[in-house]
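Peer 1: Prediction below, plus the sequence it came from.
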Amino acid sequence: KAGVTQTPRYLIKTRGQQVTLSCSPISGHRSVSWYQQTPGQGLQFLFEYFSETQRNKGNFPGRFSGRQFSNSRSEMNVSTLELGDSALYLCASSRTGGSSGNTIYFGEGSWLTVV
Amino acid sequence: TQLLEQSPQFLSIQEGENLTVYCNSSSVFSSLQWYRQEPGEGPVLLVTVVTGGEVKKLKRLTFQFGDARKDSSLHITAAQPGDTGLYLCAVLSSNTGKLIFGQGTTLQVKP
């Protein structure tokens, strides 16, 4: 079956701009989570959506937002970009997100460079 | 303070050597997961350990969950260049799809 698909794979933005990243989960998966990965901070949780509702949120400023559509596809938006937002943004999907018996699958990520 | 402390952070070894990666915490977990991330890709789940003292094997990889369910180790026997990557331990937070990751161990296996 098709895996988690993220677009775009690579992008370069200027400080102050905004960016929207897209994620298509595995068919049948209703939970979509977003993570930021940087060399200094590692993998950090941004937020999780389930059935179009944000169910959990990490410790990131309000410039980071997301949403989920009725087909479970998700988007995340970062406004007023800062140099420190340069990172690999990973999307992950699972059927329900909750239990240890529920495998979480990651996409290949979107590489964002802010200049 | 990191919930999960991984060590070592970097490891560069020759093909054929053995190695162990550790994931430690002061908290007790109901389960713990290990992922491997190769350059340009997202993390891929290797194993989930659930029971204290549990040992799971995946070919040349052996995973152990501590008796008190606070720590875990990953042992690779006769490492190969294909084992090169970032190894991450992680725990699920409550009942949502939130994974908390350790900082990771970057492994380089030289031919």
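Peer 2: Sure, I can see it. Predicted model, so just to flag it, every value in this text is computed and none were measured. Residues are numbered from 1 along each chain as shown, chains lettered A, B, ... in the order given.
Peer 1: Flag every residue of chain A that's near chain B.
Peer 2: Residues of chain A lying close to chain B by C-beta under 8 Å from any C-beta of the partner chain are A:4, A:31-33, A:35, A:42-45, A:48, A:50, A:55-56, A:58, A:90, A:92, A:94, A:96-101, A:103-109. C-beta here means a position set from N, CA and C on the backbone, and glycine is covered the same way.
Peer 1: buried stuff in the helix or strand bottoming out on mean pLDDT in chain B?
Peer 2: Every helix and strand of chain B was ranked by mean pLDDT, DSSP states H and E. The lowest is strand B:98-101, at a mean of 90. Using 16 or more other C-beta atoms under 10 Å in any protein chain shown as the test for burial, strand B:98-101 gives B:98-101.
Peer 1: So which residues make contact with the next helix or strand after it?
Peer 2: Scanning forward in sequence from strand B:98-101 by DSSP states H and E, the next helix or strand is strand B:105-110. Residues from elsewhere that reach strand B:105-110 (C-beta atoms under 8 Å, 6 or more residues apart in numbering or on different chains): B:6-15, B:17, B:19, B:21, B:76, B:79-88.
Peer 1: And the residues you listed, which of them are buried?
Peer 2: Using 16+ other C-beta under 10 Å as the burial test, these include B:6, B:11, B:13, B:19, B:21, B:76, B:79, B:83-88 as buried.
Peer 1: TSV for those residues, including distance to A:L21 and pLDDT?
Peer 2: Formatted as TSV, those follow (distance: C-beta to C-beta, whole Å; pLDDT from 0 to 100):
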residue	distance to A:L21	pLDDT
B:Q6	27	97
B:L11	32	97
B:I13	36	97
B:L19	35	98
B:V21	31	98
B:I76	34	98
B:A79	35	97
B:D83	30	96
B:T84	28	96
B:G85	24	97
B:L86	21	98
B:Y87	26	98
B:L88	21	98
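Peer 1: what mean pLDDT does stretch B:29-38 have?
Peer 2: The pLDDT scores in stretch B:29-38 average 94.
Peer 1: again, but for stretch A:17-34
Peer 2: Stretch A:17-34 shows a mean pLDDT of 96.
Peer 1: quick one: buried residues of it?
Peer 2: The neighbour-count check on stretch A:17-34 (16+ other C-beta under 10 Å) flags A:19, A:21, A:23-26, A:29-34 as buried.
Peer 1: CA atoms of it as CSV?
Peer 2: Presented in CSV, the C-alpha positions along stretch A:17-34 are these (Å, rounded to 0.1, in the frame of the first residue of the first chain):
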residue,chain,number,x,y,z
GLN,A,17,7.4,34.5,4.7
GLN,A,18,5.0,31.7,5.5
VAL,A,19,5.0,28.1,4.3
THR,A,20,2.4,25.3,4.0
LEU,A,21,3.4,21.7,4.0
SER,A,22,1.1,18.9,3.0
CYS,A,23,0.8,15.3,4.2
SER,A,24,-1.3,12.4,2.8
PRO,A,25,-1.6,9.6,5.3
ILE,A,26,-1.8,5.9,4.6
SER,A,27,-5.3,5.0,3.4
GLY,A,28,-7.5,4.2,6.4
HIS,A,29,-5.3,6.1,8.9
ARG,A,30,-7.1,8.8,10.8
SER,A,31,-4.3,10.1,13.1
VAL,A,32,-1.8,12.4,11.6
SER,A,33,1.1,13.9,13.6
TRP,A,34,3.8,16.4,12.7
